[in-house]
Each structure stands twice: as C-alpha cells, then as structure tokens.
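Engineer: The amino acid sequence is not available; the structure is as follows:
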C-alpha cells in the first residue's frame, strides 16, 4: 500500500484503540486507515440498544477526519447511536489463507475499527455536505447528476458525525504462518486463495426512458483496473 | 433464493429482532438466514468493552441453530463477549443502486443480524467439533487434510456458541425506488451496478515443497459458478 510523504500522518491511538492482538498486523499510518475506509461500501455500526449491542450494516462517507452516517429520524439505531459511544468497522477480505494445520488457517484482510462518540449534525450546510460525502463515497460522480434532497427528505433524515481520532487498522497479507514442524513434515498443500470484488455490467432501471446513456462515472468504474489486492 | 419445503422453517423473532425499518426487505424464512450466514466469510462481532461497543471482524461457522466463534484466551474481546450480550452481522453487498435522486441511492444486499448471549464451549468434543465447523465454513474440505489442533493450541483457544434464536434477515434486490415525479421528469440515468466476489487463482505458499498439488476442494471453489447474485 503505497503512500505519499504528505499523507504519512501517524495514527495516535488511545489505549483502547491500540491493537493488542497480533500486533504485527497493526498499521500506524493514517493513510492506511483512510485507504481502508475509502475502499469500503458499507461499514458495520455497533450501538448499544436496550442495554445490549447490536451490529448493523450502514452506508457511510469520510471527509478528512470525520465519518458521516445517516439514517431515518425514526430509526431506533440512530437514536441509540447518539445516546452513547458507538463503534464501526470496515473490512475487506482479500484472500483465504490455507495452512498446514487447522489452527493456522487465516484470512488476508484490511480492516479499520473506529470507536467514539458521534454527534448529530444540525447545521443545514454541513448536513447537505455530509449527505453529498455519503453519496459520493458509494457512487462517485453522482451527486451533481441527480435531484438534490428535498426539504421533506432532509426533515426525515438524521446525520451523524464521528471523529476518526480513535481508530485502528489491521492488514494481513502473505502466505500461511505455519509451524516449522508442519513445514518440515511436508505433504500438505498450503497457500492463498485470493478474493476480489468485481463490478458487473450496469443494468438500466426497468423504467428508464429510452435514450438515456449510462454515465461515464458508472462505466469507468467497471472498466477501471480492480484495486490491486494484497495476497 | 430458492428453498426446499423441508427447510422452510419460519424465523420466530423476538420484539427486538423484529425488523422495524424498511419492513419490505425483511425475510422471515429460516432458510434465508442460513443462506446469508453460510455465504459469509467474516462476521462483524459487536461486544461491549469497558462500557462502550466495539465492532470487530471475526471468522465463524454455523452448525444448525448455533454460531461458533473462536479467539485467543488472551483476547479482551472474547472475555467481553462472555460478559454480556453480543451481536453479529454478516452482510453481502450485491450491487449499488443508482437512483434519480440523492436520497434514493441504495444498495442491493443480503444481511443477517444476530443478537444474544454467547456461552463458552467447554466440552472437549464440542470444542473440537466447533473448530472444525469454523475451519470448514471458511475452507470446505480442509479439516481432514491438515494437522489437527494440538493440546497447546486448544489450551490457548476460547470457543463461543451463540444461539440463532434472535436473528433477522434483510434482503434487497432490484432497481431503484425513485419517486414518480423524478421518473416522469426523466433525463437521469438510473440502474444497478452489480457487485460480485470472485476467487482468484490459488497461490502456493512460498515454502511449499515441490510436487504438492493444489487440493481439488480449492480448485473447485475457483471453477464453480459464482453464487448467483440478486441484483
């Protein structure tokens, strides 16, 4: 994962966001965190609801040091997300690691875990910017092409901001970490089965009127070389 | 998503696992839950740690009505997972839904959310079966091919079981749900960009001795038709 000098800002994790397990997989470069977050489509949001945790897949977007989330004003998970700390994780599985022993099977992955206290975004300008960030995160180049949120839609939407201060990144690449005895004994295949996410061919909405072409921002996404996958 | 009559067991969700948002996406068929869980590679596990939630990517396996998780006996998240309720989610993103208005952008997905109280598995026989379930879930056909867990490895491993009683499933398929006015106004492309996970070509471990062939269970995984993706 290459980074330029200007983006090599170290993460400054707090004690509870310092990776304690399998430390060799932890990264402390801020650019790694941003790359993992920016490559994701959904995060998994954890909130405490009725005294116990619940994890829900959620769309999001990143603007600098802020993660934006949104939801319906009627959603219990959004209210819960404002009532206490939250956590969210973004994970990419890049491959399955086949080892020579059962307990050394593993996955190659890139994951970011964020914890903190979200705040509700109430400023109308920031709310609109946040929604733009979320839409552009999932579908780059779309915001200016489509109808903007109506007053009614905005009134039904809650927007949350979560600071990236308390975040950790883990990245595993490479082959299995087998015990030397198992390698010496031999006879068992070991390796990596890479896994990749691939965009398919865009499908027009059935109610699309004739003559509307697929935007280049969509077409380019398909034809672009897939993100190089660390195996 | 086809199911046979024999597996059409309805889910019996509790009030807190009853889907309240976007109910049309909720499924109540037990086979849908099993299919979403079985197709996943990692789940996102939510535990309460030091009073606030943390979400972590975790491998898992399903055996009937039980989800098995495992981790290091030294991992704080495993201890936290036994100290209170937990939640886990498995999500597959099948496509990005481009709408004619910003607030109608969406994703096609299949997701399962489970909540409950995990118990530690202590019976030696069940522990071994659980670890087998987890390895076979990620890498079918591997358990009997590789070295079994040693006494030392087992002593360092904690195994958790979570009942699937309190689970919900959401599945979204199809095109955008645009407002009629936006459809009538026309002029904006709308549709679905499908997304698929694809296995690559297996990569031998660099330390693999010559003459060891890639197992057919690995090769078949690559050549098998990809899971049909609901767009």
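Structural biologist: Yep, that arrived. What you see is a predicted model; the values in this text were computed from it and never measured.

Engineer: Isn't residue A:90 up against residue A:40?
Structural biologist: Yes: the criterion here is Cβ atoms under 8 Å, and residue A:90 meets it with residue A:40 at 3.8 Å. Bear in mind the C-beta positions are built from the backbone N, C-alpha and C, glycine included.

Engineer: Identify the contacts common to those two.
Structural biologist: Common neighbours of residue A:90 and residue A:40 (criterion: Cβ atoms under 8 Å, 6 or more residues apart in numbering or on different chains): A:60, A:112.

Engineer: From the neighbour counts alone, determine which of these two ranks first.
Structural biologist: Neighbours were counted for residue A:90 and for residue A:40 using other Cβ atoms under 10 Å in any protein chain shown; residue A:90 has more, 26 against 23.

Engineer: does that one count as helix, strand or coil?
Structural biologist: Three-state assignment for residue A:90 (DSSP: H, G, I helix; E, B strand; the rest coil): strand.

Engineer: Next, the buried residues of the one helix or strand residue A:70 maps to.
Structural biologist: Under the criterion of DSSP states H and E, residue A:70 resides in strand A:66-72. By neighbour count on 16 or more other Cβ atoms under 10 Å in any protein chain shown, the buried set for strand A:66-72 is A:66-71.

Engineer: Run through who's touching that strand.
Structural biologist: Outside strand A:66-72, the residues touching it (Cβ under 8 Å, 6+ apart) are A:37, A:43, A:45, A:58-62, A:77-78, A:81, A:88, A:114, A:118, A:121, A:130-131, A:133-134, A:156-164, B:21.

Engineer: List the ones among these that fall in strands.
Structural biologist: Among these, the members falling in strands (DSSP state E) are A:43, A:45, A:58-62, A:88, A:114, A:157-163.

Engineer: Which helix runs longest in chain A?
Structural biologist: Under DSSP state H, the helix in chain A containing the largest number of residues is helix A:124-138.

Engineer: who's sitting farthest from the centroid in chain A?
Structural biologist: Distance from the C-alpha centroid of chain A peaks at residue A:185, with 40.1 Å (Cα atoms, centre = their mean).

Engineer: Enumerate every residue touching it.
Structural biologist: Contact analysis of residue A:185 by Cβ under 8 Å, 6+ apart lists A:100, B:147.

Engineer: try residue A:42
Structural biologist: By Cβ under 8 Å, 6+ apart, the contact list for residue A:42 reads A:57-60, A:90, B:91, B:93, B:107, B:109.

Engineer: hang on, the earlier thing: of the ones in strands among the contacts of strand A:66-72, buried ones?
Structural biologist: A:43, A:45, A:58-62, A:88, A:114, A:157-162.

Engineer: So residue A:95 is in contact with residue A:107, correct?
Structural biologist: Yes: here residue A:95 reaches residue A:107: they are 6.8 Å apart, a contact under Cβ under 8 Å.

Engineer: which of those two has more neighbours?
Structural biologist: Taking neighbours as other Cβ under 10 Å, residue A:95 and residue A:107 compare with residue A:95 leading, 26 against 21.

Engineer: Work out for me the element the more buried one sits within.
Structural biologist: Residue A:95 is part of strand A:86-98, with elements assigned from DSSP H and E.

Engineer: any idea how far residue A:198 lies from chain B?
Structural biologist: As judged by Cβ to the nearest Cβ, to the nearest Å, residue A:198 and chain B stand 5 Å apart.

Engineer: mind listing what the lowest-mean-pLDDT helix or strand in chain A pairs with, with the direction of each?
Structural biologist: When the helices and strands of chain A are scored by mean pLDDT, DSSP states H and E, strand A:26-27 comes last with a mean of 73. Here strand A:26-27 is paired, per DSSP bridges, with strand A:167-172 (antiparallel).
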